[in-house]
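**Q** A structural model of the following input is requested.
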Amino acid sequence: MLWFSFAVLSALAVAGRDVSIKALFTNEKPLQIAACELFWSLPVFVAATLFTPVPEFERGFWTIFLLTLPLEIIAYLLYMYAIRVSPLTLTVPFLAFTPVFMILTGQLFLGETVNYWGGLGITAVVAGSYILHLEKGKEDWWGPIAGFLRERGSWLMFLVAVFYSLTAVLGKKAMLYSSPLYFSFLFSVAFNVLMLSGLLACGAADGRLLLRQSGKGLWFALLLLASAIFHGLGITLTEAVYMIAVKRSSILFGVLGGWLILKEENRGWRGLGSLCMFVGVLLITLLG
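**A** Predicted coordinates:
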């Protein structure tokens with residue numbers, strides 16, 4: 001069960017990053033926030049790559065590497081916008097859809113399968129996403145659906161789950177073709193360079209402001225490094241869908257952070273919906 005510990009530690013790092021973005025960046029635009037963590041985490045990932053033994057790359061590694069990069073870039077941008085424009089309690093729970101979509105992608109790319117419990121898990125995730133948008137005094141059947149459509153962060157994070165269901169299984173395949181840590185670090189370097197270059201080139205980020213954000217940037221660099229290390233170690237020790245499911249405990253950690261640190265409201269429905277979605281994740285993976 002070592003993979004379980006790695007998955008939970010990765011989840012804590014992810015939730016810590018989400019809460020930190022909301023708490024530390026109150027007026028910054030999403031792309032400037034992205035540039036900050038990319039800029040300050042880049043030297044950390046470069047150093048980690050240089051000090052990690054270079055593995056033998058199996059055939060197909062670079063194809064998967066290059067295919068995963070644009071998918072991860074799209075998911076990252078959607079993620080940053082989602083958590084900036086909406087409360088964490090209405091965004092991070094939608095990551096529960098990742099293992100739902102991974103039922104298909106895991107079977108397609110890795111040959112991983114789930115049994116009939118997956119159907120019950122999917123039902124719980126969908127029901128939880130419905131409950132999440134219930135509001136006191138507005139419990140008509142269409143209200144939560146309309147709430148989901150109005151809340152940009154919710155449907156943006158839903159799209160993130162689609163992309164993550166692809167990048168998670170492709171990333172695992174690339175790790176199996178190389179090594180978990182080396183792929184995680186090398187991929188992060190390539191990702192950071194591409195994203196940061198694009199943001200600075202198009203004027204979406206202020207380079208001078210980045211230099212004044214060293215404290216915040218180094219904190220995010222530490223969280224990103226921890227998430228990458230624990231994710232890489234955990235996902236190769238079990239089926240991808242299992243590891244991602246436990247990592248999605250970041251949903252609960254993020255929601256708790258939203259309540260305790262950010263003082264977000266409507267705890268009743270959002271708490272119930274988040275819990276329901278997480279239970280669905282566990283049904284899909286641990287029983288399915």
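
**Q** Okay, buried residues for stretch 185-199 please.
**A** Of the residues in stretch 185-199, 185-192, 195-196, 199 count as buried by neighbour count, 16 or more other CB atoms under 10 Å. Quick note: C-beta positions are derived from backbone N, CA and C, even for glycine.

**Q** taking those one by one, which sit in helices?
**A** Per DSSP state H, helices hold the following members of these: 185-192, 195-196, 199.

**Q** just for the chain, where's the confidence low?
**A** 106-107, 109-116, 118-119, 135-144, 240-241, 266, 285-288 (pLDDT under 70).

**Q** Strands along that one, start to end?
**A** Here the chain has no strands by DSSP state E.

**Q** ok, which stretches of it are helices?
**A** 2-24, 30-50, 61-85, 97-110, 117-132, 143-150, 152-176, 180-201, 207-211, 214-235, 240-247, 250-260, 267-282.

**Q** residues in contact with P55?
**A** 178-179, 182 (CB atoms under 8 Å, 6 or more residues apart in numbering).

**Q** and the gap between it and Y81?
**A** 35 Å (CB to CB, to the nearest Å).

**Q** Tell me which of the helices of the chain sits most buried.
**A** helix 240-247 (a mean of 26; mean count of other CB atoms under 10 Å).

**Q** okay if I get the buried residues of stretch 185-199 as TSV plus distance to F278?
**A** As requested, the buried residues of stretch 185-199 are exported to TSV (distance: CB to CB, whole Å):
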residue	distance to F278
F185	29
L186	32
F187	27
S188	27
V189	32
A190	32
F191	28
N192	30
M195	30
L196	33
L199	33
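
**Q** so W155 sits right up against A146, yeah?
**A** No - taking CB atoms under 8 Å as the definition, W155 is not a contact partner of A146, at 11.8 Å.

**Q** list the residues that contact both of those two?
**A** Common neighbours of W155 and A146 (CB under 8 Å, 6+ apart) do not exist.

**Q** Would you agree S20 is in contact with A221?
**A** No - S20 is beyond contact range of A221, at 11.6 Å (criterion: CB under 8 Å).

**Q** before we move on, the earlier item: would CSV of the helices of the chain with distance to T91 be doable?
**A** Supplementary listing: the helices of the chain in CSV, determined by distance: least, CB to CB, whole Å:
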stretch, distance to T91
helix 2-24, 8
helix 30-50, 12
helix 61-85, 5
helix 97-110, 12
helix 117-132, 10
helix 143-150, 11
helix 152-176, 4
helix 180-201, 20
helix 207-211, 25
helix 214-235, 17
helix 240-247, 16
helix 250-260, 8
helix 267-282, 11
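
**Q** before we move on, back to that, of the ones in helices among the buried residues of stretch 185-199, closest to L66?
**A** A190 (9.1 Å; CB to CB).

**Q** Need the nearest residue in space to that closest one, chain neighbours excluded.
**A** L69 (6.4 Å; CB to CB, 6 or more residues apart in numbering).

**Q** Alright, calling it a day.
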